[in-house]
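**Q** Would you be able to build a 3D model of this:
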Amino acid sequence: MSKLENDFVILTLYVDDVLLVGNSSRKITNVKRLLTKQFERKDLGPTNFILGMEIKWERENGKL
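**A** You can find the predicted model right below:
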């Protein structure tokens, strides 16, 4: 019997901007790798601002 995984990655897309959010950095890296095989892309690092919204990180609390 296989172990149930609770990891997730959410991909949001607006025109040519992609935002990946998830609870597993390993899974996010895998999605980035798959996207790079199919599309030309730039990784701009952690998101602070998207679609007119500022994103505040509370990494120590695990909150966004």
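
**Q** Just list the residues touching the residue nearest the centre of the chain, thanks.
**A** Centroid-nearest residue in the chain: Leu20, 2.0 Å away (criterion: CA atoms, centre = their mean). Leu20 sits next to Val9, Ile10, Leu11, Thr12, Ile28, Val31, Lys32 when contact means CB atoms under 8 Å, 6 or more residues apart in numbering. (Each C-beta comes from the backbone N, C-alpha and C, glycine too.)

**Q** tell me which of those residues is nearest to Ile55?
**A** Thr12 (12.0 Å; CB to CB).

**Q** counting contacts, what elements does whatever helix or strand the closest one lives in pack onto?
**A** Thr12 is located in strand 9-14, with elements delineated by DSSP states H and E. Applying 3 or more CB pairs under 8 Å, 6 or more residues apart in numbering; DSSP states H and E, we find strand 9-14 packed against strand 17-22, helix 25-38.

**Q** Quick one, which of the contacts of Leu20 are buried?
**A** Val9, Ile28, Val31 (16 or more other CB atoms under 10 Å).

**Q** so the first one bridges to which residues?
**A** The residues paired with Val9 through beta bridges, assigned by DSSP bridges, are Gly22.

**Q** so it makes contact with Lys27?
**A** Yes - under the criterion of CB atoms under 8 Å, Val9 makes contact with Lys27 at 5.0 Å.

**Q** Pull the number of nearby residues for Arg59.
**A** 8 (other CB atoms under 10 Å).

**Q** I'd like to know how far it sits from Ser25.
**A** 12 Å (CB to CB, to the nearest Å).

**Q** joint contacts of those two?
**A** With CB under 8 Å, 6+ apart, Arg59 and Ser25 have no common neighbours.

**Q** Give the residue spans of the chain that score low on pLDDT.
**A** Counting by pLDDT under 70, the ranges of the chain that qualify are 1-4.

**Q** swap the cut-off to 90 and go again
**A** 1-5, 15-17, 21-23, 41-53, 55-64 (pLDDT under 90).

**Q** can you tell me how far the nearest residue to Ser24 once chain neighbours are set aside sits from Ser25?
**A** Using CB to CB, 6 or more residues apart in numbering and skipping residues adjacent in sequence, the residue nearest Ser24 is Asp7, 3.9 Å away. Look at Asp7 and Ser25: by CB to CB, they are 10 Å apart.

**Q** Fine by me, thanks again.
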